[in-house]
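> Quick one: sequence and predicted model below, then my questions.
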Amino acid sequence: MSEKNIIHKIPIDISMYNVNGDFTPSAYQRMIMSMIEEHLDMLNLGEKHLMEEYGISWVLLSTSIEFKRKINPTDKLVGITWHSGGRVPSFRRDFIFEDEDGNSVATGATVSTLFENEARKICLNKEKLAVVDLEAETPVLEFLERKMKCGKPFELVEDRTVRPSMTDGIGHVNNTKYGDFAYDAMSCEEISRLGSIKRMDIWFNHELRAGDRFEIYKSVESENAVCFMGKKIGEQRSAFDIKLSFC
């Protein structure tokens, strides 16, 4: 059976949007991940099964979502997701969100890998990687950047500490929290434009764990794009990058 035949209801609640009725960046991550996690459980490739049987977990490398129109709190959405290729040990998964009339409101893709929980490194064990034996179907998102490109300088916005509430069962900051880091670093004018968001890209470069201090930098790339970068204190490399593009 094609993965595209599995339809998922997308949950929406008041914690996902602000007083303007606009969804926050992390809300889209929550929509995407609730769908994918439910989907993988149905395929017996979910987090709990992989951790118990193989000592591995899914780890996101990037998430991209492109909007066809504004998504409203009153929308009743369904989602479809499928394996769409990738070069092992990376796995690409595309998705579509549709409204109750069957119209596409957003398309996107994630790139993930498998993580050795005990060794805390990317899984390169061929037998474990072979567990993900899915036929690749055609991608829906045309363009994926492997890393963030921003031509304007970054400025420090704030420094933060990873709190226990930000972490998950793997022991690092859960991917749905990163959108909140960007949201908290946005200006009032930028927040007011969330209703006209066109695309969101997030790159997860290096894990952050409880107690880690990190700095958040921002760059206004253009009138219609703003970029964020998070760096662990004492390191030059970026732990995460986020780019929001507006209409």
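Sure thing, it's come through. Numbers count the residues shown, from 1 in each chain.

> Quickly find the element holding Gly179.
In this structure, Gly179 sits in helix 178-184 according to DSSP states H and E.

> Quick one: mean pLDDT for the helix or strand following that helix?
Sequence order places helix 188-192 as the next helix or strand after helix 178-184, per DSSP H and E. Computed over helix 188-192, the mean pLDDT rounds to 96.

> Wait, a strand at Gly234?
No. Counting by DSSP: H, G, I helix; E, B strand; the rest coil, Gly234 is not found in a strand; it is coil.

> For it, give me its contacts.
Counting by CB atoms under 8 Å, 6 or more residues apart in numbering, Gly234 touches no other residue. C-beta here means a position set from N, CA and C on the backbone, and glycine is covered the same way.

> what pLDDT, on average, does stretch 203-218 get?
96.

> for the protein, what spans make up the helices?
In the chain, the helices defined using DSSP state H lie at 25-42, 47-54, 126-129, 178-184, 188-192.

> What are the buried residues along the fourth one?
Counting neighbours by 16 or more other CB atoms under 10 Å, one finds that the buried residues in helix 178-184 are 178-179, 181-183.

> Ok, the shortest one next?
Applying a neighbour-count criterion of 16+ other CB under 10 Å, one finds 128-129 buried in helix 126-129.

> low-confidence ranges in the protein?
Along the chain, segments meeting pLDDT under 70 span 1.

> In terms of residue numbering, what are the domains of it?
Using automatic domain parsing, the domain parsing of the chain gives 3-129, 155-246.

> Serialize these to CSV and add fields for distance to Pro139.
Output for these, formatted as CSV (distance: least, CB to CB, whole Å):
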stretch, distance to Pro139
domain 3-129, 4
domain 155-246, 15
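
> quick one, which of those is nearest to Ala136?
In terms of CB to CB, the element of the domains of the chain nearest to Ala136 is domain 3-129, at 4.1 Å.

> Quick test: name the residue nearest the centre of this protein.
Centroid check for the chain by CA atoms, centre = their mean gives Thr63 as the closest residue, at 3.9 Å.

> contacting residues for that one?
29, 32, 108-110, 175, 200-202.
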